[in-house]
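Peer 1: next come a sequence and a model predicted from it.
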Amino acid sequence: MQLPVQYQYIKDYFEDKLYQFALLDQDYIYLAPGFKYPLDSGGKRLRPVLVFAVYLGLQEKLCKIDNHEELELTLSDSPSPLGAALALEYIHSYSLVHDDLPAMDNDDFRRGHLALHRKMGEAMAILSGDALLTAAFLEISRSYRDYPEILGKLTANIARAALLMVEGQVADTVIDSEHLKQPGELDKMIINKTGALLASSFECGGILAGADSRLLLKLRELGIQFGRLFQIADDILDVKGSRDKLGKTPGKDAKNNKITAVTLYGLKEAQLMAAEIRDKCERLLKETGLSNPFFETLLDFVITRNH
Ligand code: IPE
Ligand code: IPE
Ligand code: MG
Ligand code: MG
Ligand code: MG
């Protein structure tokens, strides 16, 4: 399944900046390798792309972009979505570095490479995660210092999402998995561990585009549903995907006795749930003014993706 054409333009733009920004400072010579490794090793960049896409989509500029230069030009207005996009990718990357640790999911591969703890040791993986989380907020504070109102809103939003993500990871990994069989508990865990950062990506795009509080609530709801769809697809891929395409180890959930949409309800039911959530996303795209070919194609990608 193809991604929308603008996805690649935004991803290229973002990665170009990401490599320039990723802690090049002389003060961090020992930390830099561990900090850069997870950022350098691929990934879909979904959360940062969403910040840009929502920001541009709400201004009806997204689908008009048909080359790299046009994107650069359209983004020349300030404040730029870049700071929020970097922060969310840093936090997402830290969450994966820690998720792969032996005390958590114990996975040796991530984004087609050895997981950071396998490459540089557990201590470096823990410390790099600490650094990525902290750097996210340094990035935000630097990027929006001339826009105090936006700075306050983005900081609160991203901090809350990062905390909810940890709440979800605790429910997934630390608490006895039996509790996830109670009605609504699995869904709540998914909404926290995966939905929160995706919802924040939608909301940050909205905050930067000047959305009012009503629209921001709708964007949050859209991000939550998008996150549910995304995680159920991830759980399906854990069963159906290949290591080559996924870049991480398939079959991990069953091996770790995880409760997921697939292990709890079965593959067929999980696929039906995904189709239902997709319909909800469609409705919310209309309600937020984001019903356009980019987001339609992105939904198709999420539901049929192989990586
Ligand atoms: C993986 O996220 C973890 C989940 C929330 C399912 P992604 O599938 O977005 O990972 P990358 O960034 O593309 O590697
Ligand atoms: C999402 O869940 C992990 C985070 C929120 C970091 P998974 O544990 O299923 O993610 P993968 O499959 O390892 O990428
Ligand atoms: Mg996990
Ligand atoms: Mg995992
Ligand atoms: Mg998974």
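Peer 2: Received, thanks. Quantities reported herein were computed from a predicted structural model and do not represent experimental measurements. Ligands and ions are numbered 1, 2, ... in the order given.
Peer 1: separation between Glu89 and ligand 1?
Peer 2: Distance of Glu89 to ligand 1, given as Cβ to the nearest ligand atom, to the nearest Å: 8 Å. For the C-beta atoms, the positions are set from N, CA and C on the backbone; glycine is no exception.
Peer 1: state the helix or strand in which the residue of the stretch 51-200 of the chain found nearest ligand 2 lies.
Peer 2: Nearest to ligand 2, among the residues of the stretch 51-200 of the chain, is Ser95, at 3.6 Å (Cβ to the nearest ligand atom). Taking DSSP states H and E as the definition, one finds Ser95 inside helix 82-99.
Peer 1: near ligand 4 at all, that helix?
Peer 2: Yes - using Cβ under 5 Å from the ion, helix 82-99 reaches ligand 4 at Asp99.
Peer 1: same question for the helix or strand just after that helix, mean pLDDT?
Peer 2: Going down the chain from helix 82-99, the next helix or strand is strand 109-110, by DSSP H and E. The predicted model assigns strand 109-110 a mean pLDDT of 94.
Peer 1: swap in stretch 7-21?
Peer 2: Average pLDDT, stretch 7-21: 92.
Peer 1: chain center to it, what's the gap?
Peer 2: The chain centroid and the centroid of stretch 7-21 are separated by 15 Å under Cα atoms, centre = their mean, to the nearest Å.
Peer 1: near ligand 3, which residues of the stretch 51-200 of the chain show up?
Peer 2: When proximity is defined by Cβ under 5 Å from the ion, the stretch 51-200 of the chain lies next to ligand 3 at Asp99, Asp105.
Peer 1: which stretches of the stretch 51-200 of the chain form helices?
Peer 2: For the stretch 51-200 of the chain, the helices defined by DSSP state H, counting those that start in this stretch cover 68-74, 82-99, 116-120, 122-143, 148-173, 185-190, 196-208.
Peer 1: how far is the last one from where the chain is centred?
Peer 2: When you say that, I think you mean helix 196-208. Its chain's C-alpha centre and that of helix 196-208 lie 10 Å apart, by Cα atoms, centre = their mean.
Peer 1: wait, does it contact ligand 2?
Peer 2: No - Helix 196-208 stays clear of ligand 2 (Cβ under 6 Å from any ligand atom), getting no nearer than 7.4 Å.
Peer 1: elements contacting that helix?
Peer 2: If contacts are counted by 3 or more Cβ pairs under 8 Å, 6 or more residues apart in numbering; DSSP states H and E, helix 196-208 sits against helix 46-58, helix 82-99, helix 148-173, helix 213-240.
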